[in-house]
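*Asks:* Give me a 3D structure for the following:
(one chain, ligands or ions: 2)
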Amino acid sequence: MSWRSLDLTLMRNPEVLSLDYVPIDLPHRETEMRQLERVFSILKKGANLVAPKVYVTGDIGAGKTVLAKRFGMNFEEELREIGVKACHIYVNCRLEGTPLNVLTAMIRQLRSEQFPLRGFSIEEAVDAFIRCLAEIDVCVIAVMDELDHIVRKYGSYLLYVLTRIQEKNSSAGRRLALVFIVRNISILQTLDASTLSTAMSPVVKLRRYTASEICDIIGTRAEMAFRENAVSPEAISLISNIAGTYGDARYAIELLTRAGIFADFEQVDAVEPEHVRQASSILPYSASSEDILFLNKHQRLLLLAIARALQSCNDAYLSIVDIESAYRVVCEEMAVKPRGHTQLWKYLRELSDLGLISRQVSYGGRKGKVTVIGLAIPALALRSKLESLGAMGSR
Ligand code: ADP
Ligand code: MG
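*Replies:* Ligands and ions are numbered 1, 2, ... in the order given. Next up is the predicted model:
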């Protein structure tokens, strides 16, 4: 083991490992990038038609966000080069939370001045957005990420509005090109007929990555992020094999980052397979790990309480009473004031909407009908994920 000073870590550009980083090249997504370009090429002709819309779908870590962001950046540039004024904007519907917040976030990106967040009704925000599009003489490529969260929670209104803008204002409609990102295209089946009639558009489907594709992706990322030869080829290969089982590039990058931190901690010269094994043991794969990152503190505490209680009782389901008492124990342990019964019900409904827990109505017993709660993902994986998030986050 060699000694290194603390500031000389194995990573030379750690920011490259951030999940928001958008590389210039996206290996193994060339075909999909061309499909997007083909759908949007109509904008280059300056045709007086309604701007195109497209859906990008695929599982977590299939590269939906990074593909859409890179496409927005590149296409804006291409349009400018041929003299078409263009800009691209990006909103994450889950982070914005409500249709109103999504619209205000879009308006704010289009207008440089501050746009008031409060005091607008949804209808006023829609009008303001359309006015904004009509006024700016620019072709807008808007990426709407994680749209399924809004549709699941608030129905089709936002999609309805965005896909029918040309009916209200034709110049606004000609300027708004949309990339909708949804995890599963079946969400469209929940739409009402009138929304569906205008919301249907081409779908670019991203399949899961194979282990060798993940190897290319993280090999390049490791070269950029780490010092030369600081990640052994065996470590890259092990990460690719583990993450390849799920086809998830995000998990691969998380494992690489975590393994790098372990190797740094040990002050060794390179990331080796053992660091990857340590990383994968504290960071087991969970398809819902992305959802967990966005939960607020009490939702996480509640989920942790459910996972612990289910593990200790070995039952498939818990009653609300059991969950509440397990939650209070977790709160006490973390020195956090527990939330009341009504708020917990709301959180349970949200966790169930996200598919993290399942709610069942159970018949029988003295009380007749009762709701019981089970976990949709393995309790052990969930616990280690939540516990590895440290102090349960501050959100
Ligand atoms: P999704 O939105 O489908 O869940 P992301 O776009 O967030 O997936 O991708 C997960 C991670 O993997 C990100 O860090 C992203 O930069 C990286 N990634 C995905 N596909 C590629 C690719 N083809 N080339 C380089 N990096 C990629
Ligand atoms: Mg994404």
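*Asks:* Just to be sure, residue 178 is in a strand?
*Replies:* Yes: assessed with DSSP: H, G, I helix; E, B strand; the rest coil, residue 178 lies in a strand.
*Asks:* Give me the distance between it and residue 13.
*Replies:* Relative to residue 13, residue 178 is positioned 33 Å away (Cβ to Cβ, to the nearest Å). Glycine gets a C-beta too; all of them are placed from N, C-alpha and C.
*Asks:* And these two? Which one has more around it.
*Replies:* residue 178 (21 against 12; other Cβ atoms under 10 Å).
*Asks:* what residues are up against the closest residue to that one other than its chain neighbours?
*Replies:* Spatial nearest neighbour of residue 178, excluding adjacent residues (Cβ to Cβ, 6 or more residues apart in numbering): residue 53 at 4.3 Å. Shown in contact with residue 53 (Cβ atoms under 8 Å, 6 or more residues apart in numbering): 163, 177-180, 199, 201.
*Asks:* what's the burial count for the closest residue to residue 357 other than its chain neighbours?
*Replies:* Excluding its sequence neighbours, the residue lying closest to residue 357 (Cβ to Cβ, 6+ apart) is residue 351, at 4.7 Å. Residues near residue 351, counting by other Cβ under 10 Å, number 24.
*Asks:* How about the residues of the chain by ligand 1?
*Replies:* Counting by Cβ under 6 Å from any ligand atom, the chain comes close to ligand 1 at 19, 21, 23, 26-29, 58, 60-66, 217, 249-250, 253.
*Asks:* can you map out the helices along the stretch 151-300 of the chain?
*Replies:* 157-163, 165-168, 170-175, 193-199, 211-225, 233-244, 249-266, 273-282, 289-293, 297-313 (DSSP state H, counting those that start in this stretch).
*Asks:* Drop anything exposed from the residues of the chain next to ligand 1.
*Replies:* Buried members of those, scored by 16 or more other Cβ atoms under 10 Å, are 26, 28-29, 58, 60-66, 217, 249-250, 253.
*Asks:* sorry, back to before: go through the contacts of residue 53 and name the one nearest ligand 1.
*Replies:* Ligand 1 has its nearest neighbour among these in residue 179, at 12.0 Å by Cβ to the nearest ligand atom.
*Asks:* Please parse this protein into its domains.
*Replies:* 30-205, 209-282, 289-388 (automatic domain parsing).
*Asks:* Those: lowest mean pLDDT?
*Replies:* Here the lowest mean pLDDT among the domains of the chain goes to domain 289-388, at a mean of 83.
*Asks:* In the protein, which residue sits nearest ligand 1?
*Replies:* residue 63 (2.9 Å).
*Asks:* Cross-check the contact I'm expecting between that residue and residue 30.
*Replies:* No: if you go by Cβ atoms under 8 Å, residue 63 and residue 30 don't touch, sitting 11.7 Å apart.
*Asks:* related to what we said a few turns ago, tell me which of the residues of the chain next to ligand 1 fall in helices.
*Replies:* Those of the residues of the chain next to ligand 1 mapping onto helices are 64-66, 217, 249-250, 253, per DSSP state H.
*Asks:* hmm, back to that, dump the helices of the stretch 151-300 of the chain into JSON lines; add distance to residue 105 as well.
*Replies:* Shown next, in JSON lines, are the helices of the stretch 151-300 of the chain (distance: least, Cβ to Cβ, whole Å):
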{"stretch": "helix 157-163", "distance to residue 105": "12"}
{"stretch": "helix 165-168", "distance to residue 105": "17"}
{"stretch": "helix 170-175", "distance to residue 105": "17"}
{"stretch": "helix 193-199", "distance to residue 105": "20"}
{"stretch": "helix 211-225", "distance to residue 105": "29"}
{"stretch": "helix 233-244", "distance to residue 105": "32"}
{"stretch": "helix 249-266", "distance to residue 105": "23"}
{"stretch": "helix 273-282", "distance to residue 105": "34"}
{"stretch": "helix 289-293", "distance to residue 105": "19"}
{"stretch": "helix 297-313", "distance to residue 105": "22"}
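*Asks:* now for those helices, which one comes closest to residue 111?
*Replies:* helix 170-175 (14.1 Å; Cβ to Cβ).
*Asks:* And for the closest one, what's in contact with it?
*Replies:* With Cβ under 8 Å, 6+ apart, helix 170-175 has contacts from 48-51, 130-131, 133-134, 136, 138-140, 165-167.
*Asks:* Kindly export it (C-alpha atoms) in PDB.
*Replies:* The C-alpha trace of helix 170-175 is given here as PDB (Å, rounded to 0.1, in the frame of the first residue of the first chain):
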ATOM      1  CA  SER A 170     -50.700  28.800 -34.300                       C
ATOM      2  CA  SER A 171     -47.300  30.600 -34.200                       C
ATOM      3  CA  ALA A 172     -46.800  29.300 -30.600                       C
ATOM      4  CA  GLY A 173     -47.700  25.800 -31.800                       C
ATOM      5  CA  ARG A 174     -45.200  26.000 -34.600                       C
ATOM      6  CA  ARG A 175     -42.400  26.900 -32.300                       C
END
